[in-house]
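1. Can you look at this prediction? I've put the sequence above it.
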Amino acid sequence: MFARFLKPTTACAHCGQRWDAHQADDFPSYIVILLLGHILVPLMIEVNSALDIPLGWQAAIWPSLALLLAVAMIQPVKGAVIAFQWSRRMHGFG
Ligand SMILES: [Zn+2]
């Protein structure tokens, strides 16, 4: 589906379905932010109640983990948003 990291291919090589008309906009980013908050905040609370990690290390670990997870999640989430729009014939797939 993707020609580049977050750029959908113009059309499917097999069936010719056009993917460049989607209108996912910022919705994948909102979903990733929502999911990251629900993953990282409980994890931070649990880790800090179980372990005594120095604040300097935490200042490096949590933003790095957030960045890593955001980069890992954004493409599948965008693909899911575009697939949902396609399945419902919404926003450019009508
Ligand atoms: Zn196809």
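-> Looks like it came in fine.
2. C-alpha from now on. contacts and neighbour counts both.
-> OK.
3. Could you say which helix or strand holds the residue of the chain found nearest the ion?
-> Using Cα to the ion, the single residue of the chain nearest to the ion is residue 15, 4.1 Å away. Assignment of secondary structure by DSSP states H and E places residue 15 within no helix or strand.
4. can you tell me the helix or strand for the spatially most central residue of the chain?
-> In the chain, the residue lying closest to the centroid (Cα atoms, centre = their mean) is residue 74, at 2.3 Å. Under the criterion DSSP H and E, the helix or strand holding residue 74 is helix 55-87.
5. what mean pLDDT does that helix have?
-> Within the predicted structure, the mean pLDDT of helix 55-87 is 94.
6. Tell me which other helices or strands it touches.
-> helix 27-50 (3 or more Cα pairs under 8 Å, 6 or more residues apart in numbering; DSSP states H and E).
7. Remind me what the helix it packs on packs against, helices and strands.
-> With contacts defined as 3+ Cα pairs under 8 Å, 6+ apart, the secondary structure elements packing on helix 27-50 are helix 55-87.
8. buried sites along the helix it packs on?
-> Neighbour counts using 16 or more other Cα atoms under 10 Å place 66, 69-70, 73-75, 77-79, 81-83, 85-86 of helix 55-87 among the buried residues.
9. any idea how far the residue of the chain closest to the ion is from residue 1?
-> 12 Å (Cα to Cα, to the nearest Å).
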